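Asks: model the following, please.
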Amino acid sequence: MRLLIVNPYASGVSDERIERVRAALGDVVVEKTEHPGHATELARTEDAEAVYIFSGDGGFNEVLNGIGPETPVGFIPGGGASVLTRALGLPHDPVRAAERLAAGETRRISLGRANGRRFAFAGGVGIDAEAVRRLDLRGRTVEHGRAGNLLFAWELARLLAEHRGRFDPSLEILGRGRAAFALVANCETYTYAGPVPVRVAPAARFELGVDLVAPRAVSPAALPRLLGYALLGRGQRSAGDVVYGHDLDRIEIVCDSPMPLQVDGEDIGDVTSVVFEAERGAALVLI
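Replies: The predicted structure follows:
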């Protein structure tokens, strides 16, 4: 049995597209998610020869938290951003992506974990997680899903304005020192600002461990330079005011007070401490 999991709340998913994706994949059993965590439950189907997920990044993340290491998993873009599929180089059109995945080519990748929760491309403590939380407060609908990455950028800009571009050290990265917030990447692309890839950790790769990028502090004077690092994808590795770790297996962080945590654009709640780990070779993905 090959299983197609569909998130009907994703912004790019419709009944017509579900049927076209199903036809492109061939003989699959279709299951629609009904509640948060349902995709994880469905992905644990032990007799599935392959699992496909037609969703946005939240659904992709759920499936990765239920899939076994030897079950091929295919991601079909159905969200506003669909960062994972873009980072894997898949077509943004869901039918074209499904046609490509049906060929059965695979790639083994590593995954990250944050306090045990797997993630595919990014996790963070602090400012990016707070922006994710604000995005979620805008709500979701069947017609439009969750607000897209341009509104995420807007919420991030609002946060920067509210803090007047200043973020003081607020957490301790054990063995590496203090920082204002921490971004952890499992691949080169952390997210997208519309069509533009944001390369927070330009040396990160799916086949390696995780990378850490953590500004020690942020001031209005330093802010343009720090943003430039992410948009240009260079400079952060050698910056004296940025903690940068490459191809790491474990990162331990202790917060001064509860701070928001996100993985793959999903709000995990507030934490006072978090352990990021690399799970090398954890997933067999269809490409």
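Asks: helices of this structure, start to end?
Replies: Ranges of helices in the chain, per DSSP state H, are 15-25, 38-43, 57-64, 83-87, 94-101, 127-137, 149-162, 223-232.
Asks: now do the fifth one and helix 15-25, the angle between them.
Replies: In this case it means helix 94-101. Taking axes from the mean of the first three to the mean of the last three C-alpha atoms, to 10 degrees, helix 94-101 and helix 15-25 form an angle of 20 degrees between their directions.
Asks: hey, least reliable of the helices of the chain by pLDDT?
Replies: Sorting the helices of the chain by mean pLDDT places helix 149-162 lowest, at a mean of 82.
Asks: by contact count, what packs against that one?
Replies: helix 127-137, strand 191-193 (3 or more C-beta pairs under 8 Å, 6 or more residues apart in numbering; DSSP states H and E). Bear in mind the C-beta positions are built from the backbone N, C-alpha and C, glycine included.
Asks: picking that back up, please identify the most buried of the helices of the chain.
Replies: Of all the helices of the chain, helix 57-64 has the most neighbours on average by mean count of other C-beta atoms under 10 Å, namely a mean of 27.
Asks: now it, how far from the centre of its chain.
Replies: The chain centroid and the centroid of helix 57-64 are separated by 9 Å under C-alpha atoms, centre = their mean, to the nearest Å.
Asks: what's the angle from that helix to helix 149-162?
Replies: 100 degrees.
Asks: between helix 57-64 and helix 127-137, how big is the angle?
Replies: 110 degrees.
Asks: okay, now the domains of this protein?
Replies: Here the domain assignment for the chain is 2-104, 117-280, based on automatic domain parsing.
Asks: got TSV for these, with distance to residue 286 too?
Replies: Formatted as TSV, these follow (distance: least, C-beta to C-beta, whole Å):
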stretch	distance to residue 286
domain 2-104	4
domain 117-280	14
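Asks: where do the strands sit along the stretch 101-250 of the chain?
Replies: 106-114, 117-119, 122-125, 140-141, 145-146, 171-173, 177-179, 182-185, 191-193, 196-198, 210-215, 242-248, 250-263 (DSSP state E, counting those that start in this stretch).
Asks: please name the strands paired to the first one in the sheet, noting orientation.
Replies: By that I understand strand 106-114. Partners of strand 106-114 in the sheet, by DSSP bridges, are strand 117-119 (antiparallel), strand 266-286 (antiparallel).
Asks: so for the first one, mean pLDDT?
Replies: The predicted model gives strand 117-119 an average pLDDT of 98.
Asks: ok, residues contacting it?
Replies: Outside strand 117-119, the residues within contact range by C-beta atoms under 8 Å, 6 or more residues apart in numbering are 61, 64, 65, 111, 112, 113, 186, 263, 264, 268, 279, 282.
Asks: pull out the buried positions in stretch 200-213.
Replies: 200, 201, 202, 204, 205, 206, 208, 209, 210, 211, 212, 213 (16 or more other C-beta atoms under 10 Å).
Asks: which one of those residues is nearest to residue 242?
Replies: Nearest to residue 242 out of those is residue 213 (C-beta to C-beta; 6.4 Å).
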